[in-house]
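**Student:** Quick check, what structure comes out for this input:
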Amino acid sequence: MCKVYTKAFVNTGMLNEDGRESYQRAPENICPVIDRQKAANEIALINQETGEVTYGIKSLFKIIGNSFPVFRPLFSFKPFIWLMSKVYAFIAYNRRVIIPPPYRGDGYRLQPTLKIHYRVAYLIFTWLCTGYILSRFAHLVAGVIPPDGPWREHLVIAAQIMVQGAVISIIAGNKFWSYLGNLMTISFGGSLLLLLPLALGHWWHNQPAFYSIFFLSVVWMMLLEHIRRMKLMNLGYTMTITWILFRIAVLVLIMR
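**Tutor:** Below is the predicted model of the structure:
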């Protein structure tokens, strides 16, 4: 994620071609006062002439404000800074489960800090959004899947988190929060794909078979993504198997 937006800064001329470097590969003498662990958590902006260092959202504000001075008053407005710093931290401390890198048990010494309250906030956010979208989508497959109350999907997702959380605690407890973050990213991503048929539903009514096939296609993609992420985390197939068994059990209960 960091590479994407810093590359955009370079491509638009907001940073020089050599104006970015990953925190893992930054030379030790680049700035004697840089907090390297903080730079792993929040992107650091270093003025190599003065030695001044800023982190996180303030770094982005400096880069954008330098290219677009019209935004400087907004970027100095303290309530806006506070709000955006929380949004930035929410993304920054969950970026490894949004776009996961290969698991490095003994790799780079510096890794982003796990802040559990931001991970819990991410789990709650994705749970609420995914449950809402699935509840809306359930109306499109009425007749194929029995309808139920508006909170059924939220309860199913919550149960999935608890079941998979129990399994990962047993087989690899040190990856508990990382796995749950990846699990909910997959669920949230799948629900976002369902927004397309939800949009079409206003014009294409009474096609539950089509929507059911679309849903199964999304589930298949989610399964493939789950397998891919488990390989990155060195977790094998156990978590994927329990994920499948849970989904089958839920479907059987709903269809009864």
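
**Student:** could you measure residue 234 against residue 228, distance?
**Tutor:** 13 Å (C-beta to C-beta, to the nearest Å). (Glycine included, C-beta is placed from N, CA and C.)

**Student:** nope, residue 216 is what I was after
**Tutor:** 19 Å.

**Student:** Residue 183 now?
**Tutor:** According to C-beta to C-beta, residue 183 and residue 228 sit 13 Å apart.

**Student:** And those two? Which one has more around it.
**Tutor:** Neighbours were counted for residue 183 and for residue 228 using other C-beta atoms under 10 Å; residue 183 has more, 23 against 12.

**Student:** From what I see, that one and residue 164 are in contact.
**Tutor:** Yes - between residue 183 and residue 164 there is a contact under C-beta atoms under 8 Å: 5.8 Å.

**Student:** what do those two both touch?
**Tutor:** residue 243 (C-beta atoms under 8 Å, 6 or more residues apart in numbering).

**Student:** what's the span of stretch 167-182, first residue to last?
**Tutor:** One end of stretch 167-182 sits 15 Å from the other (C-alpha to C-alpha, to the nearest Å).

**Student:** in that stretch, what counts as buried?
**Tutor:** 167-168, 172, 175, 177-182 (16 or more other C-beta atoms under 10 Å).

**Student:** do the same with stretch 228-245
**Tutor:** Within stretch 228-245, the residues that qualify as buried are 229-230, 233, 235, 239-240, 242-243, counting by 16+ other C-beta under 10 Å.

**Student:** which residue ends up closest to the midpoint of the protein in space?
**Tutor:** residue 98 (2.7 Å; C-alpha atoms, centre = their mean).

**Student:** isn't that residue right up against residue 185?
**Tutor:** Yes - using C-beta under 8 Å, residue 98 makes contact with residue 185 at a distance of 5.7 Å.

**Student:** Check what pLDDT residue 202 gets.
**Tutor:** On pLDDT, residue 202 comes in at 68.

**Student:** the helices in the stretch 1-150 of the chain, which residues?
**Tutor:** Secondary structure of the stretch 1-150 of the chain (DSSP state H, counting those that start in this stretch): helices at 2-11, 36-41, 57-67, 72-75, 78-92, 95-98, 116-138.
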